[in-house]
Structures are given as C-alpha cells and as structure tokens.
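In: Next comes the sequence, and after it the predicted model I'd like to discuss.
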Amino acid sequence: MKYIPTIGIECHVQLSTKTKLFSEVDNDARGKEPNSCVSPVDYALPGMLPRLNGEAIKFAIRAGKAMNCKINAHSRFDRKHYFYPDSPKGYQITQFYQPIIGAGYVELPSGTKVHIEHAHLEGDAGKLTHFDNYSLVDLNRVDTPLIEIVSMPDIHSAKDAHDYCKELWRLMCFAGVTNGDLYNGNMRFDVNTSIAPEGSKKLGTRTEVKNLNSFRSVERAVEYEIARQTKILEAGEKVVQQTLGWNDATGKTTAQRSKEEAKDYRYMPEPDLPPINLSEEFIEKEAAKLPPMPADYRKKFGNVISGDTLEVLLDYPALMKKLDEVCSEYVKSMSNLFASVLLAEEKSAEYLSDLPSAKDLNELCEMNEKKELSSTATKEVFLRLFDPQMKNRGAKNIAKELGLIQENDLGALEAIIDTVLQKPETKKAQEDYKNGEEKVIGFLVGQVMKESHGKANPSAVQEILRKKLK
Amino acid sequence: MEINCETIKHLAKLSDFALSEKETEALTGDLKNIIGYISQLDELDTEGVEPTYQVFEMDNVWRDDEIIDQEASREDLLALTKEEKENQIKVPRVL
C-alpha cells in the first residue's frame, strides 16, 4: 500500500533585539560568561515586573509580513506554567490565546505554498547542561525574544520539509529579525510527521521530533520517521503518538522519556503585561521597512541569473541587496563573480560583511564589458576590492596600478602590431602563415603581447593580424 | 469543579512541591473556599460580555530597546542558589 506523509513544523526563531523581551539586559550572550546577562526579572525575584521590549513587537510585525501573514491588531500575553530548572519563574510568558501574527503562507522555491497557522511572541528558556548526576543552569538565554511559527500540515515530503525550513530561515534573515546562526540554536525546528494510506481522508497518528537545528537533520528525521511508521503499519501495528529526539550520529529517532503526567500548563492571562493594540498606521509603517524578500528576487532576477546560482546567492541577503544596486546589465556577470569567486574564497564570511560599493562593481563590470579587462584580470581586480590596503582606490585605479588594462585602442594596437611585423624575427612566421600554417598566429600574437607588455587584448590582436596577413 | 485531595496532589506535583498529608488537607479546604467564593460570579449572565483580562485599561506599555546596567550582579544571583559550580546553578540531574 502507498502511504502519503503529512508534516507540520513548529519553528522557534530567536530575535536579534539588543535587549531581552522583558528586561533591559544584553540579549547577545555570544562568547559571554554563564549567568552574566541576567537581571532579577530573568531570575524571577519575587515582585519583579517584566517590561515589554517595543522593538520585539516591530520585529514580529516584520517577521509576520515576511511570511505574508495578517498582523493582529490586538494581542496579549499568557503564562504557561511548568516546573523545570531552565525557567526560574515557573512559567513561560507566551501568547496562547491572542498571538500577534495571524495566518499567512511561505512559498517554497518549487512554488509549493505552506500555510502558516499563526506565530506568537514568547520568552526563551535558560540553558541546561547535563552531567552524570547533576545539571548546570545558565540563565543568559532566559527571555531572549522568540517567535514560534506554527505551520499547517501542508508538507508531504522530506524534501519539502527541508525546503520549508530553509526558506523560513532565509525569510527571517532577509527581514533582519534574527542572526540566523543555526549552529548556535538561533532557529530550532519541531517536526510532526504522520502517514496515511493514499486516498484516506483521516490523518495517521503523528510523532513529534523535537529540537532539530539544521535543514539536513529535519530532512533526515522526516525520512526516518516515514520509513519507521511505514514499517509499523505494514506489520499491522499502530504508531504510538510520542515525542522523539533525533540523533544525528546514528541517524535515528529515539523516544524521549515521556512525562508521567499529561501536559497541564494551566494557561492564564499574564497580569503584569498590558495588551498590545496596534493601529493600522503603526503596522503599515513597520511593514514598509521590510526589504525585498527571496520571492521578490526570484521574480526580478529569475530570467537573468540561472536558477542554481540564484538559489545559492539567496542564502546571503547582503549579496542580493548588492546585486539589486548594481546596474541591471551587469547583474548576470556580477552574480557569477559572487557565486564562483567570492563564495569560493576562504575568507568569504569576512568579505560578506563589507562588500565593495555598487559604483566599484559597476566600474569593474564595465571594464570587463569593454574588454579592457580579461576575465582573469576581472577576477583579480574583484578580489582586490576586498583588500583593506587597496579597496578605497576604486576598481579602475586598481586595474591600472596592477597593469591589467588591456589595450583595445585599435590605432594604438595597429601601431604595436606594425612594429612587430617589421621585426626580422617575425618574417618567417608571417611567411608560414600565408602559406597556410594557421597555428603560427599564436606565435605572432605572443610577440605583440610581449611588445605591449601584456596589455593588448589578445582576441583583438589576433583579429587585426589575420586581416593584415591576408 | 470538584476540589479534593487529589486535586491538590496533582497541582503540587506539577509545581514540584512536597506536601504533608496535613498540609494537603488544609490546602484542599482553602482552595475549596477560594473557588467557592469566586464561583459566585457564575450566577451572573455573562453572555456576550468580553472577558476582562486586566483592570487598569492600559495598553502598549513598552520600553526602548536599550541595555541598562543591572545593579544586581551574577554574584547576587548565585548567592541565592543552594549550590553553584563554574558560575552556574547546580541542580539535581533532570531528564
């Protein structure tokens, strides 16, 4: 029997605001000592009041708009109670009843639409490190702003699950709401998978694989779950609804120890935080700050840049923004330089944070277009534009200083060629060529290149030589 | 809603409280009284009335996204914990 998988994904995105969601504490704990980014609000001293970070609301609006979502004019916070050492308050402040982000959709590169059920703001929990017989608690991450994005069960393959997570990551990075560092858990995915016989109207029993932090592991975990569940159903057994963990090394999901009691979070309205009421103007003002999204770039450049190159570049918002600033006639050659030269560099990450100006890039492409620079020379000048010693001089000056400008002036070229043809040592080659020895043209071009100190454009030289020796 | 000793035991477990039988009994009585008192509101017809989530009629109380140095230090935090190790809070192994 053929089974159709159905997949829904919850994604937590850490927002890159300066401060936490409810306290005026540094939200960027990268490279900082444990428990050094905490306030009494974070560690829940009695009587402490949370104070809502207005920037997180603006980030949420932008994130929502990036996913074509409705922004709810009225939203508010609730307490979700649970006891665990990662949460000193004993509850998480979240938006259970009235989330800020409503329904929308994400369009995958393939054109498939995955609908968003809603997304809400909430505080992250602290970090636990487990040892043999104790655990250590670091509260730096407590109340880092998160948005949790809940998809509809619209996904039906492991590849689409992968593509959805990757597209979400791109959307959040382009919208500028997260640092997007997956390795450090800036985005984490919980994946619900079930399978049902083809044609069945009822969904199968689902399992939830929690806390995946790479697109690849999402894809592999879904593949594994589909295979595992298929095997169970084919053996006439039943899939058990459970929460699973993923082991990247073994490539398997394993049951996490189930909590002895059913979930009972005792949600209640958060009394310390007044509700959020957004005017249409406020929402529109924030939405207008949203830069072009990957889908916009696909529309704009889809006919100019090859699909593969475009999808590679779409992982880098800064490159797409730069490409958008470059003259439209140079977009194609620039995209190739970005994809095959810049991204191949060892220091590409460093380079990406400080790209050359559009003016320099246009100048470079223009020189290449006019054949003043060979393709090798174009690459060389391009890389020099990232060299702190040289970059400020501009593309044209760098090309000149390095002596890379090709001689294209036909008058000047002809003069050089005539000089070479006058030389006795070229006479024999000229005779040979006239007698039908095609390949000696290479020798003559070489002589001209030498005479021009390598600045002549070889293809132009060859063309003129052929005419002269006819 | 029936409140009995099992209710209190369930809630205590969710909050990881250790309660003696005597405390459980006392709290059962207390909670019954509290819920009973609040339940008087059930006599009112609230059909079509929007729930009240807060009584101050405030909204949009936000702050700027600026870091402010905290008077309380990590040492103050760690001083409140039972046990610490490497600047972290040490707890019995969980999960």
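Out: All right, it came through fine.
In: where's A:K321 relative to B:K22, distance?
Out: In this view, A:K321 and B:K22 are 68 Å apart by C-beta to C-beta, to the nearest Å. Just so you know, the C-beta spots here come from the backbone N, C-alpha and C atoms, and that holds for glycine as well.
In: do the same with A:Y97
Out: 38 Å.
In: The two: which has the busier surroundings?
Out: A:Y97 (15 against 8; other C-beta atoms under 10 Å in any protein chain shown).
In: Can you give me the distance of the more buried one to A:L444?
Out: 83 Å.
In: With A:P50 instead?
Out: Per C-beta to C-beta, A:P50 is found 81 Å from A:L444.
In: Who has more neighbours out of these two?
Out: Each of A:P50 and A:L444 has its neighbours counted (other C-beta under 10 Å); A:L444 has more, 23 against 20.
In: list the contacts for the more buried one?
Out: Shown in contact with A:L444 (C-beta atoms under 8 Å, 6 or more residues apart in numbering or on different chains): A:V420, A:T426, A:A429, A:Q430, A:Y433, A:L465.
In: can you pull the buried residues of the host helix or strand of it?
Out: In this assignment (DSSP states H and E), A:L444 forms part of helix A:441-451. Neighbour-count burial for helix A:441-451, counted by 16 or more other C-beta atoms under 10 Å in any protein chain shown, picks out A:I441, A:L444, A:V445, A:Q447, A:V448, A:M449, A:E451.
In: Closest one to A:K396 out of these, please.
Out: Among these, A:M449 lies closest to A:K396 (C-beta to C-beta), at 22.1 Å.
In: which residue packs closest to the residue nearest the centre of chain B, ignoring adjacent ones?
Out: Nearest to the mean C-alpha position of chain B, counting by C-alpha atoms, centre = their mean, stands B:S15 at 8.6 Å. Closest residue in space to B:S15, ignoring its immediate chain neighbours: A:F83 at 5.5 Å, by C-beta to C-beta, 6 or more residues apart in numbering or on different chains.
In: Could you do A:Y351 as well?
Out: In space, A:Y351 is closest to A:F386, 4.8 Å off (C-beta to C-beta, 6+ apart).
In: Also A:K70?
Out: A:G102 (3.7 Å).
In: so what's the backbone phi/psi at the one you found?
Out: Dihedral pair for A:G102: phi -90, psi -160, per degrees, to the nearest 10.
In: dump the residue contacts of it.
Out: Counted by C-beta under 8 Å, 6+ apart, A:G102 has contacts A:G64, A:C69, A:K70, A:I71, A:N72, A:H118.
In: And the third one, how far from A:S340?
Out: This means A:K70. 41 Å.
In: quick one, phi/psi of A:H118?
Out: Dihedral pair for A:H118: phi -170, psi 170, per degrees, to the nearest 10.
In: Would you mind confirming that it is in contact with A:I101?
Out: Yes. Under the criterion of C-beta atoms under 8 Å, A:H118 makes contact with A:I101 at 6.0 Å.
In: Who has more neighbours out of those two?
Out: A:I101 (27 against 21).
In: Could you check how far that one is from chain B?
Out: Counting by C-beta to the nearest C-beta, to the nearest Å, the separation of A:I101 from chain B is 17 Å.
In: Contact partners for that residue?
Out: A:60, A:63-64, A:67, A:69-72, A:116, A:118-120, A:147, A:149.
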